[in-house]
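J.: sequence and predicted structure are below.
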There are 2 protein chains.
Amino acid sequence: MTQEFSFAVHAVDGAARAGAITMPRGTIRTPAFMPVGTAGTVKAMYPDQVRAQGADVVLSNTYHLMLRPGAERIAALGGLHQFMNWPHPILTDSGGFQVMSLAKLRKISERGVVFQSHIDGARHELTPERSMEIQRLLGSDIQMQFDECVRLPCSDEEAERAMRLSLRWGERSRQAFGVQPGRAIFAIVQGGAVKPLRVESARALAAMDFPGYAIGGLAVGEPQAVMLDMIETVEPHLPRDKPRYLMGVGTPADLLESVMRGVDMFDCVMPTRAGRHGMVFSRFGRLNLRNARFAEDRRPIDAASHCPAARDYARAYWHHLVKSGEILAMMGLTAVNLAYYQDLMAGMRRAIAERRLGEFAAEVKAGWAAGESGESEGLN
Amino acid sequence: MTQEFSFAVHAVDGAARAGAITMPRGTIRTPAFMPVGTAGTVKAMYPDQVRAQGADVVLSNTYHLMLRPGAERIAALGGLHQFMNWPHPILTDSGGFQVMSLAKLRKISERGVVFQSHIDGARHELTPERSMEIQRLLGSDIQMQFDECVRLPCSDEEAERAMRLSLRWGERSRQAFGVQPGRAIFAIVQGGAVKPLRVESARALAAMDFPGYAIGGLAVGEPQAVMLDMIETVEPHLPRDKPRYLMGVGTPADLLESVMRGVDMFDCVMPTRAGRHGMVFSRFGRLNLRNARFAEDRRPIDAASHCPAARDYARAYWHHLVKSGEILAMMGLTAVNLAYYQDLMAGMRRAIAERRLGEFAAEVKAGWAAGESGESEGLN
């Protein structure tokens, strides 16, 4: 296995790319979906299940792990890979997004962010330097620059201020990252929904020559069209030979549309969170297993799936477990969703290699629209 | 595979027996521990995991399943085995115990029990005939007679009244069970903590010639010595060629002591419930993973276990997951406990075959007492 971080594009189809990130802990086939393991666990999944479904990398959250159990403690225990029994690549975010969405009493300055823990109210500080130190302590393979992520909609002035601050923090993050053979730091493009700001951010970061580039600050409530417009705006200004990661996205439809616009990596809590609430994504569209229409449905969720939970139990059983609040419902439906996401990514990788991504996307969308016996509850 | 229900004792060691129940859906190696699948799921476990750990049979609860999703619905969906994806033997209780412990506004008469559901307050009735009908609809392999189980301590008069009522209900249950090839109905010895009542109950039921015998109404709060005394009181009056099932028991120590007194089968929520609350049973005694002493403990729960959750993760990780309320903690620690219970039963079966159960029990208890580096938090 290589000792260096590298990325290669093996096939292109329009703006879409299929390739691989290679690093000492393994290869990430792109386009890739990264299951989210917030607190050092992909919720309701054993790590060997996550791997067997086809995940090459998982994401974990700096904010959650710094608060509990603490980055220094994880380092003392041998690092995050050993802690969570996941020997494959791990990407960590910088903590910036969670500070915005979860922490209390935030105070942002040039230096960083002071905030109160949502767990116990304790005061903490995150700076670019501390975020990178935490990610290094965790042993993360792909570390994200510290940034400020604003909610949409916001004023252009606010988006500009946060984007420029994130650029300066990006430079400080890269300095703090230093040299870590086999690992990489990714920059994060910001700029809200303001195209000139997005272009300026992408160009400035591209000039700094990071090993990878993320598009941040999207999937925060804006319509899909706005998100896709921002991707199209940014994409031409990102280096072609570096991986591109759309943070926090998204639905299966978001993944299809974004890959077609040149994105290589994704993470999202949607498949895991939806699974814990009885909602599954499938070839037939979304199914809400809580719905009474499934109470006597003998069919599996998807007889053609390679996921045992999708294949070996009746929908009526999942309906019963969801209604009864049983843990197995959260386990099984999370597994169904992550398996579907990984299958969708694998399908896109094959389609790009065969230069038929447009056709593949049309087939997938037709399946969602057709549903199965009319019981689909929405597109994916 | 045989089409008849049968039981054979293959080895004895003192009062202890090792043998097998054979029936169309499989063989139950005895002494056997039956994981509890209350609502059609062994909580936080996939059925193939339960099987792989060595379980030959699971228990499911008539009370819970009659209320949700309903016995007729499960029958229409192909029966409980298909519903919960467990093709191996299933034992169902009669509902009597849960009516006592969970339902509201119970009214007991000669006919049966009228009660309100703890879920929605709806009025239901359970009689010996309806209990057996439900168990038949579920497709249960071992069905329990309907009985009245009193709480201990209770007056001798109350214990006698409930015991005699249970005898009459036993006869009605057997009538209602009828002829079901390959399946069996077990009688339940009652009588509280009153020895003459226990003896009378056992003798009367033995005279009715049931395919199996349970000892009910124990493990309801009395000291272990009282429970063991009742087992010793009842055991000589139970047919030697029929399986004996001690209901709702117990701790690992209870299992050891009861097997040495001639019990063949057990069920208990303890390993599953304890696992969901961060408590594990191990060769080193009980460990409460919530305890701060485990926060930096790099050791696995038991490096020699064949259970991945016991072997492949640090105690510090489980501590973190328990403190964080993560579902994986409930999954993994439930698996650890059920694996330990199944290993303990397998060890007892081997020891009986080798006529060294006393020695085996002493070794196991010494392991609990010694703990590991002094961190055991109690005997098992």
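T.: Now that the structure is in, tell me what you want to look at. Numbering: from 1, shown residues only, chains lettered A, B, ... in the order given.
J.: residues near the residue in the stretch 151-300 of chain A that chain B sits nearest to, how many?
T.: Among the residues of the stretch 151-300 of chain A, A:R298 lies closest to chain B, at 5.9 Å counting by CB to the nearest CB. Quick note: C-beta positions are derived from backbone N, CA and C, even for glycine. By the measure other CB atoms under 10 Å in any protein chain shown, the count of residues near A:R298 is 13.
J.: give me every residue in the stretch 151-300 of chain A lying close to chain B.
T.: Within the stretch 151-300 of chain A, the residues that sit near chain B (CB under 8 Å from any CB of the partner chain) are A:R276, A:A295, A:E296, A:R298.
J.: these in helices, which ones?
T.: Members of those lying in helices (criterion: DSSP state H): A:R276.
J.: now the residues of the stretch 151-300 of chain A next to chain B in CSV, with pLDDT?
T.: Listed next are those as CSV, based on pLDDT from 0 to 100:
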residue, pLDDT
A:R276, 98
A:A295, 98
A:E296, 97
A:R298, 97
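J.: list the contacts of the residue of the stretch 151-300 of chain A closest to chain B.
T.: Contacts for A:R298 (CB atoms under 8 Å, 6 or more residues apart in numbering or on different chains) come out as A:A314, A:R315, A:A316, B:L77, B:G78.
J.: all helices of the stretch 51-200 of chain A, in order?
T.: Under the criterion DSSP state H, counting those that start in this stretch, helices of the stretch 51-200 of chain A are mapped to A:62-67, A:71-76, A:80-83, A:96-101, A:128-138, A:156-177, A:195-208.
J.: hmm, the third one in reach of chain B?
T.: Spelled out, that is helix A:80-83. Yes - contact of helix A:80-83 with chain B (CB under 8 Å from any CB) involves A:Q82, A:F83.
J.: could I have the CA atoms of that helix written out in CSV?
T.: Extracted in CSV, the C-alpha atoms of helix A:80-83 (Å, rounded to 0.1, in the frame of the first residue of the first chain):
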residue,chain,number,x,y,z
LEU,A,80,-9.8,6.9,16.4
HIS,A,81,-9.4,4.0,14.0
GLN,A,82,-8.5,1.6,16.8
PHE,A,83,-11.1,3.2,19.2
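J.: and the gap between A:I301 and A:M45?
T.: Distance from A:I301 to A:M45, counting by CB to CB, to the nearest Å: 17 Å.
J.: who has more neighbours out of those two?
T.: More neighbours surround A:I301 than the other of A:I301 and A:M45, with 28 against 25 (other CB under 10 Å).
J.: contacts only, for the residue nearest to that one when sequence neighbours are not counted.
T.: Using CB to CB, 6 or more residues apart in numbering or on different chains and skipping the chain neighbours, the partner closest in space to A:I301 is A:A310 (4.4 Å). When contacts are counted by CB under 8 Å, 6+ apart, A:A310 touches A:V280, A:S282, A:P300, A:I301, A:D302, A:A335, A:V336, A:A339, A:Y340.
J.: quick one: pLDDT of A:A310?
T.: Per-residue pLDDT puts A:A310 at 98.
J.: A strand includes it, no?
T.: No - going by DSSP: H, G, I helix; E, B strand; the rest coil, the assignment for A:A310 is helix, not a strand.
J.: for A:G19, which three-state class applies?
T.: Assigned by three-state DSSP, the conformation of A:G19 is strand.
J.: thinking again about what came up before, of the residues of the stretch 151-300 of chain A next to chain B, which is the most crowded?
T.: In these, the most neighbours by other CB under 10 Å go to A:R276, 20 neighbours.
J.: got phi/psi on the closest residue in space to it that isn't next to it in sequence?
T.: Nearest residue to A:R276, sequence neighbours excluded (CB to CB, 6+ apart): A:M330, at 4.4 Å. Main-chain dihedrals, A:M330, degrees, to the nearest 10: phi -70, psi -40.
J.: and A:M330, how far from A:R286?
T.: Applying CB to CB, one obtains 17 Å for the distance of A:M330 from A:R286.
J.: more crowded one of these two?
T.: A side-by-side neighbour count of A:M330 and A:R286, using other CB under 10 Å, places A:M330 first with 24 against 18.
J.: isn't the more buried one right up against A:A44?
T.: Yes - contact criterion CB atoms under 8 Å: A:M330 and A:A44 qualify, at 4.7 Å.
J.: what is in contact with these two at once?
T.: Common neighbours of A:M330 and A:A44 (criterion: CB under 8 Å, 6+ apart): A:G275, A:R276, B:I327.
J.: what's the closest of these to B:V249?
T.: Nearest to B:V249 among these, counting by CB to CB, is B:I327 at 28.2 Å.
J.: pull the contacting residues for the closest one.
T.: By CB under 8 Å, 6+ apart, the contact list for B:I327 reads A:T41, A:K43, A:A44, A:R276, A:I327, A:M330, A:M331, B:A44.
J.: one more: A:L80?
T.: A:G40, A:S60, A:L65, A:I74, A:W86, A:I90, A:T92, A:L138, A:G139, A:S140.
J.: pull the CA atoms of stretch A:359-379 into PDB?
T.: This file holds the C-alpha atoms of stretch A:359-379, laid out as PDB (Å, rounded to 0.1, in the frame of the first residue of the first chain):
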ATOM      1  CA  GLU A 359     -28.900   7.000 -18.900                       C
ATOM      2  CA  PHE A 360     -28.200   5.400 -15.500                       C
ATOM      3  CA  ALA A 361     -29.600   8.500 -13.700                       C
ATOM      4  CA  ALA A 362     -32.700   8.500 -15.900                       C
ATOM      5  CA  GLU A 363     -33.300   4.800 -15.100                       C
ATOM      6  CA  VAL A 364     -32.900   5.400 -11.400                       C
ATOM      7  CA  LYS A 365     -35.200   8.300 -11.400                       C
ATOM      8  CA  ALA A 366     -37.800   6.400 -13.400                       C
ATOM      9  CA  GLY A 367     -37.700   3.700 -10.700                       C
ATOM     10  CA  TRP A 368     -38.400   6.300  -8.000                       C
ATOM     11  CA  ALA A 369     -41.200   7.800 -10.000                       C
ATOM     12  CA  ALA A 370     -42.900   4.500 -10.800                       C
ATOM     13  CA  GLY A 371     -42.800   3.200  -7.300                       C
ATOM     14  CA  GLU A 372     -44.000  -0.300  -6.800                       C
ATOM     15  CA  SER A 373     -47.700  -1.000  -7.000                       C
ATOM     16  CA  GLY A 374     -48.200   2.700  -6.400                       C
ATOM     17  CA  GLU A 375     -47.000   2.700  -2.700                       C
ATOM     18  CA  SER A 376     -44.000   5.000  -3.100                       C
ATOM     19  CA  GLU A 377     -44.300   8.000  -0.900                       C
ATOM     20  CA  GLY A 378     -42.100  10.400  -2.800                       C
ATOM     21  CA  LEU A 379     -39.100  10.600  -5.000                       C
END
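J.: can you tell me who the residue sitting nearest the centre point of chain A pairs with across the strands?
T.: Centroid-nearest residue in chain A, with CA atoms, centre = their mean: A:D267, separated by 0.8 Å. Beta-bridge pairing of A:D267 under DSSP bridges involves A:M34.
J.: out of everything not next to it in sequence, what's closest to the residue of the stretch 101-250 of chain A found nearest chain B?
T.: Residue nearest to chain B within the stretch 101-250 of chain A (CB to the nearest CB): A:I119, separated by 9.0 Å. Sequence neighbours aside, A:L67 is the residue nearest to A:I119 in space, at 5.6 Å (criterion: CB to CB, 6+ apart).
J.: all good on my end, thank you.
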